[in-house]
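**Q** Please find the sequence and the predicted model below.
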Amino acid sequence: MNMTFAEKILARYGGEKHVQPGQIVTVQPDHLLMHDNAAPIISKIQPELKQYGIFSKKLPVIVLDHVIPAAAEKNAAQHKQIREFVKTYNMPYFFDVGYGVCHQIIIEKGFALPGMLLLGSDSHTCSYGAVGAFSSGIDRTEAAALLLTGETWLKVPQSIKITLQKKLPRFVTAKDVILTIIGDVSASGADYCSVEFHGAIAQFSVDERFTMANMGVEMGAKNAMFPVDEVTQQYLRSIGVAKTKFKPVHPDPDATYHKEVTYDLSQLEPVVAVPHSVDNVKPVSEVEGIEIQQCLLGTCTNGRVSDFQVAAKILKGKKIHPNVRFLLLPASRAVYLEAEQKGYLKALVEAGGTMLPPGCGPCLGAHQGALAPGERCLSTSNRNFKGRMGCKDAEIYLASPVTVAVSALHGRITDPRRGMN
Ligand code: SF4
């Protein structure tokens, strides 16, 4: 057979026995993700919607997350338009303001399962490779057509195999791994490729795999995935998904890869992506001491219970630096409630943190936590482009929840290996 994960899954959905990179396949994805941008998407196809309706009410999963609660009349009107659309077609998979970030909802509610194919009108749709699904972002026009027809075409990508060996040292996390890889590969080094993680992956929880798959697009990848193993199975059991509900796809051992790279995890160190590109990655030790005015813990990249747990462990009983605004942004309501029940949020708020509602919040710079000119934010999010947090004269640094929590204490970027001593 000798096919990679992407080749196998696209052969399955394309109705082919065998496919190769570059081949075009017509597919019917299991779900189409949309968020607040469902409003402009449905506006594009008003006449067609009136004439034909949607392909299937079970295809779209719509989550209001980007500007929630509505920051202005324009957002409120878009949310209203989406609610009316959902009602008109009696769509069962709609998550209104407060449920959380779309990608977290897709995984935590079990919409993405091993061996499935999902597309979404958001670039970080690649996150669902965390549970062995093929998932990729598409643009709004394509999403509009998919909504009407239920099908689209995909070009079979070339595949890159990244083998992770040995164990991570203390204070070095999955976020440091993916930032290190992006720094090496570059922001375009995996353009239209399918990235597969192999090797010592059992040490990474689904939360951590989510962080890594989520950032696949930051090196240009079409999708990024982890093979399904006991860690995946256990996670799916924990959210109530029976084994009979999915059919994992495993790459063949003799598959041909466009590129293969290996990382010795024991040699990695905490890193930071410095302004203004995600592949501008440096060891934290090289940028230590840079003053920060804001820290953001959360987003679809690092807003899960385990992220709040690690930050709470560092900050419990302490106070963050007086010059720092420490924003706490759970990826979903379920995360919020569990982190609250376990005492992590109390510890973080007592340390000086400010709770934001589950959603995208400051991540995209549309509202909440905007930066002023000259300010710097150290964030667990996935993008540090100029202006991403609402101000083109501010700077965003990306790091792990560990580095962010330790740095919040000191008011400057701090290497957690020293900052915790
Ligand atoms: Fe996009 Fe940020 Fe929202 Fe994630 S949290 S979906 S990266 S805006």
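**A** Yep, that arrived. Predicted, not measured: the structure shown is a model, and the values here were computed from it.
**Q** list the buried ones in the helix ranked longest in the chain?
**A** As assigned by DSSP state H, the longest helix anywhere in the chain is helix 73-88. Buried residues in helix 73-88, counting neighbours by 16 or more other CB atoms under 10 Å, are found at Asn75, Gln78, His79, Ile82, Phe85, Val86. (Each C-beta comes from the backbone N, C-alpha and C, glycine too.)
**Q** what's the farthest-apart pair in these?
**A** For those, the farthest-apart pair by CB to CB is Asn75 and Val86; their separation is 16.5 Å.
**Q** Could you list the residues in contact with stretch 25-34?
**A** 10-11, 13-14, 16, 19, 41, 59-63, 93, 102-103, 106, 111-112, 116-122, 125, 143, 146-147, 150-154, 156 (CB atoms under 8 Å, 6 or more residues apart in numbering).
**Q** er, stretch 232-245 I mean
**A** Contacting residues not belonging to stretch 232-245 are listed as Glu108, Lys109, Gly110, Leu113, Pro114, Val131, Gly132, Ser205, Val206, Phe226, Phe246, Pro248 [CB under 8 Å, 6+ apart].
**Q** where's the last one relative to Gly115, distance?
**A** The spacing between Pro248 and Gly115, counted by CB to CB, to the nearest Å, is 5 Å.
**Q** try the first one
**A** The span separating Glu108 from Gly115 equals 19 Å under the rule CB to CB.
**Q** Can you pull the residues of the chain lying near the ligand?
**A** Selection of the chain residues close to the ligand by CB under 6 Å from any ligand atom yields 66, 101-103, 122, 124, 299-300, 360, 363-364, 381-382.
**Q** Dump the residues you listed into TSV; add neighbour count and secondary structure as well.
**A** Below are the residues of the chain next to the ligand laid out as TSV (neighbours: other CB atoms under 10 Å; DSSP: H, G, I helix; E, B strand; the rest coil):
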residue	neighbour count	secondary structure
His66	21	coil
Val101	30	coil
Cys102	30	helix
His103	31	helix
Asp122	26	coil
His124	24	helix
Thr299	28	helix
Cys300	29	helix
Cys360	28	coil
Cys363	27	helix
Leu364	16	helix
Ser381	27	coil
Asn382	26	coil
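**Q** ok, back up a step: could you pull up the mean pLDDT of the longest helix of the chain?
**A** In this model, helix 73-88 has an average pLDDT of 97.
**Q** now swap in stretch 4-15 and tell me
**A** Taken as a whole, stretch 4-15 has a mean pLDDT of 98.
**Q** Name the surrounding residues that touch it.
**A** Around stretch 4-15, the neighbours that count as contacts under CB under 8 Å, 6+ apart are 1, 3, 16-21, 25-29, 115, 117, 134, 154, 156-157, 159, 161, 194, 196, 222-223, 225, 227, 249-252, 255-257.
**Q** List buried residues within the residues you listed.
**A** Those of those that meet the buried threshold are 3, 19, 21, 25, 27-29, 115, 117, 134, 154, 156-157, 159, 161, 194, 196, 222-223, 225, 227, 249, 251, 255, 257, by 16+ other CB under 10 Å.
**Q** Could I get the pLDDT score of the residue lying closest to Leu356 once chain neighbours are set aside?
**A** Distances taken as CB to CB, 6 or more residues apart in numbering put Leu329 closest to Leu356, at 4.7 Å, once the chain neighbours are dropped. pLDDT for Leu329: 98.
**Q** wait, Leu329 sits on Leu348?
**A** No: using CB atoms under 8 Å, Leu329 makes no contact with Leu348, being 11.2 Å away.
**Q** Those two: who's more crowded?
**A** Leu329 (30 against 25; other CB atoms under 10 Å).
**Q** What are the phi and psi values at that one?
**A** Backbone dihedrals for Leu329, given as degrees, to the nearest 10, come out at phi -130, psi 90.
**Q** Next up, the contacts around it.
**A** With contact taken as CB under 8 Å, 6+ apart, Leu329 is in contact with Leu296, Leu297, Gly298, Thr299, Gly303, Leu356, Pro358, Gly359, Gly361, Pro362, Cys363.
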